[in-house]
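# Let's see this in three dimensions:
(one chain, ligands or ions: 2)
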Amino acid sequence: MALVAGVDSSTQSCKVVIRDSATGALVRSGTARHAEGTEIDPEIWWRALQEAIQAAGGLDDVEAVAVSGQQHGMVCLDEDGAVVRPALLWNDVRSAAAADKMVSEAGPDGAAYWAEETGTVPVASITAAKLRWLAENEPENAARTAAVCLPHDWLSWRLAGYGPGSGRAGLEALRTDRSDASGTGYWSPATGEYLPAVLEQTLGHVPLLPRVLGPLEADQRTPSGALIAPGTGDNAGAALGVGAGVGDVVVSVGTSGTVFAVTDDPSADATGLVAGFADATGHFLPLTATLNASRVLDATAALLSVSLPELTRLALTAPAGAGGLSLVPYFEGERTPNLPDATGSLHGMTLANFTRENLARAAVEGIACSLADGLQALRNLGIEARRVILVGGGARSEALQHAVSAVFGLPVTVPSPGEYVADGAARQAAAVLTGAWPKWTAASESVVKADAAPEVLARYRRAAATAG
Ligand SMILES: Nc1ncnc2c1ncn2[C@@H]1O[C@H](COP(=O)(O)OP(=O)(O)O)[C@@H](O)[C@H]1O
Ligand SMILES: O=C(CO)[C@@H](O)[C@H](O)COP(=O)(O)O
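Numbering: from 1, shown residues only. Ligands and ions are numbered 1, 2, ... in the order given. Below is the predicted model:
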């Protein structure tokens, strides 16, 4: 039995799954937490990966490994391969003004320019905006930056034995894949080429960049001999994990709330709502992402002094619409819509409806409504959802499952609880090993069909329109 490993190095934690490359059967797994924050020393990811690998029984009997990671993180390396400064993560908004300048510098049609050139209109999350921030605020660090890569690139590079203490700077050994490169703002999904002019405009010079591997390409191994697959951005990993195809829309509720589809052609949304990413198989992954998803559940559960399952139970005892309460969940500012300085707000409070149950329900419905706006943005590009698949840690909540179905007005397919990003990475590792995408047995799933509640979304949109 040939074993493969899949890694999900996400915002909150690192998950490792070891699977049978032929059948996909789960053999072992392990997890480890990451530190909080939107600016992280990558060594924290490396230590968590080592801990999760150890918890999963190690990689010595594994023949291939792939790493999926949180997208966009800015990892700057000096000429010796050392990290120049802590990585700025996808959800760090200090680069919002830099992103705005990049758009305005492109002229009156700046948004359309960036959408056509890179697939995405820059916002704070995009790596290029973080590089611009670095050049403007930490010029010495920008000057020391000899190479730039992403979280999954850097972890794959470390797995190959490069980095601190290895005695090998190894910058030329950095590798990435199309899906994660497409989130940088300096690589074009349409042409498959890096855009040096963007790096000159942002970082101020063109650093060494990871070679973009093809979907089944691998040219490095771990010290124990396991092939290292290209890896993916985490959403492309989730698409692999659930076997998403054209016509499927995946909704992921983790730290980020994402709504994405698999398409045959690249997208270029000048409104900036949809990021025109690439997927991990050679196709494309138009995607909307919010800053406020599962952590809204965490915050509400903490406020009510209940566990997450208890929060779900409270929310399920309230009626759809939470008695008229609407929570606009812009707790950390918001990316989609691009309101980095916005804050959250609660609307429609009365003495009658201000209950624990309605507040729990309003939190769940607020997340679902923000995701419904993401689905609408995809629809505005002509992308229809024949099937909606709900994943991420938040998908464990039956209340959220029902709210997504009610607010979307669609049935929602919910795979059995699992780590679908790591599963997708494992599937890529198996594909690299055999040269073909394996047909693994799909996880069991349920389909949730709630009564449509368009009035909940309409009321939410009226409330969200007042957010500044
Ligand atoms: N039973 C549950 N009900 C609701 N949410 C849950 C439950 N279990 C975990 N979560 C949510 O899952 C989130 C972590 O999901 P995950 O997809 O691992 O995040 P990320 O990929 O961003 O690291 C937590 O913030 C938590 O709110
Ligand atoms: O920025 C995006 C997608 O553009 C996020 O989806 C990040 O990739 C973080 O993912 P999670 O940690 O929330 O899974």
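
# From now on I want contacts and neighbour counts done on CA atoms only, so please keep to that.
OK.

# Which positions in the stretch 201-350 of the chain make contact with ligand 1?
Those residues of the stretch 201-350 of the chain that sit near ligand 1, judged by Cα under 6 Å from any ligand atom, are 254-256, 294-295, 297-298, 308-309.

# what do you get if the cut-off is 8 Å, keeping everything else the same?
Remark: the part of the stretch 201-350 of the chain in contact with ligand 1 comprises 252-256, 293-298, 308-309, 311-312, using Cα under 8 Å from any ligand atom.

# Which PyMOL command selects the buried ones in these?
Entered in PyMOL, the line below selects the buried ones among these, by 16 or more other Cα atoms under 10 Å:
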select buried, resi 252+253+254+255+256+293+294+295+296+297+308+311+312
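
# Point out where this structure drops to low pLDDT.
Residues of the chain that meet the criterion pLDDT under 70 lie in 468.

# residues from it in reach of ligand 2?
Of all the residues in the chain, those lying near ligand 2 are 9-12, 69-72, 90-91, 125-126, 183, 233-235, 252-258, 275, 287-291, 392, going by Cα under 8 Å from any ligand atom.

# Tell me which of these fall in strands.
Here DSSP state E is the test, and the residues of the chain next to ligand 2 give 9, 69, 233, 252-253, 257-258, 275, 287-290 as lying in strands.

# What is the most widely separated pair among those residues?
9 and 275 (21.2 Å; Cα to Cα).

# These two: which is more packed in?
residue 9 (30 against 27; other Cα atoms under 10 Å).

# Residue 123 against residue 96, yeah?
Yes. Using Cα atoms under 8 Å, residue 123 is in contact with residue 96, at 5.9 Å.

# okay, these two: which has more neighbours?
More neighbours surround residue 123 than the other of residue 123 and residue 96, with 27 against 23 (other Cα under 10 Å).

# If you drop the residues flanking it in sequence, what lies closest to the more buried one?
In this structure, residue 123 finds its nearest non-sequential neighbour in residue 99, 5.1 Å apart by Cα to Cα, 6 or more residues apart in numbering.

# In contact with the one you found, which residues?
Contact partners of residue 99, counting by Cα atoms under 8 Å, 6 or more residues apart in numbering, are 122-124, 129, 132.

# what are the bridge partners for residue 275, then?
For residue 275, the beta-bridge partners are residue 287 (DSSP bridges).

# how near is it to ligand 1?
Applying Cα to the nearest ligand atom, to the nearest Å, one obtains 18 Å for the distance of residue 275 from ligand 1.

# now the strands for the stretch 1-150 of the chain?
3-9, 13-20, 26-33, 39-40, 62-69, 75-77, 87-88, 147-149 (DSSP state E, counting those that start in this stretch).

# so, in contact with ligand 1 or not, the longest helix along the chain?
Counting residues, the longest helix found in the chain (DSSP state H) is helix 356-379. No. Under the criterion of Cα under 8 Å from any ligand atom, ligand 1 is not reached by helix 356-379; the shortest gap measures 9.4 Å.

# Flag every buried residue along that helix.
Of the residues in helix 356-379, those buried by neighbour count under the rule 16+ other Cα under 10 Å are 356-378.

# now do stretch 161-170
Neighbour counts using 16+ other Cα under 10 Å place 161-163, 169-170 of stretch 161-170 among the buried residues.

# Then stretch 310-325?
Taking 16+ other Cα under 10 Å as the criterion, stretch 310-325 shows 311-316, 318, 320-325 as buried.

# now that stretch: how far from the chain's centre is it?
Shown here is stretch 310-325, whose average C-alpha point lies 28 Å from the average C-alpha point of the whole chain (Cα atoms, centre = their mean, to the nearest Å).

# got the CA positions of it in CSV?
Once side chains and other backbone atoms are set aside, the C-alpha atoms of stretch 310-325 remain, and they are given as CSV (Å, rounded to 0.1, in the frame of the first residue of the first chain):
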residue,chain,number,x,y,z
GLU,A,310,-24.1,24.9,22.3
LEU,A,311,-24.1,28.0,20.1
THR,A,312,-25.5,25.9,17.4
ARG,A,313,-28.2,24.6,19.7
LEU,A,314,-29.1,28.1,20.7
ALA,A,315,-29.3,29.3,17.1
LEU,A,316,-31.5,26.4,16.1
THR,A,317,-34.0,27.3,18.8
ALA,A,318,-34.5,30.7,17.3
PRO,A,319,-36.7,31.3,14.2
ALA,A,320,-35.2,32.1,10.8
GLY,A,321,-34.6,35.8,10.8
ALA,A,322,-33.7,35.9,14.5
GLY,A,323,-36.8,37.8,15.4
GLY,A,324,-35.6,40.8,13.2
LEU,A,325,-32.0,40.9,14.4
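
# List of residues touching it?
Residues outside stretch 310-325 that contact it (Cα under 8 Å, 6+ apart): 297, 300-301, 346-349, 353-354, 356-362, 364-365, 397-400, 403, 453, 455-456.

# at 6 Å what do you get?
When contacts are defined by Cα atoms under 6 Å, 6 or more residues apart in numbering, stretch 310-325 is touched by residues 301, 347-349, 353, 357-358, 360-362, 397, 399, 456.

# quick one, strands of the stretch 151-300 of the chain?
With DSSP E, counting those that start in this stretch as the criterion, the stretch 151-300 of the chain has strands at 175-177, 187-188, 193-194, 211-213, 227-228, 232-233, 248-253, 257-261, 275-278, 284-290.

# Please convert those to JSON lines, extending it with distance to residue 144.
JSON lines is the format used below for these (distance: least, Cα to Cα, whole Å):
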{"stretch": "strand 175-177", "distance to residue 144": "20"}
{"stretch": "strand 187-188", "distance to residue 144": "22"}
{"stretch": "strand 193-194", "distance to residue 144": "21"}
{"stretch": "strand 211-213", "distance to residue 144": "21"}
{"stretch": "strand 227-228", "distance to residue 144": "28"}
{"stretch": "strand 232-233", "distance to residue 144": "26"}
{"stretch": "strand 248-253", "distance to residue 144": "36"}
{"stretch": "strand 257-261", "distance to residue 144": "34"}
{"stretch": "strand 275-278", "distance to residue 144": "29"}
{"stretch": "strand 284-290", "distance to residue 144": "31"}
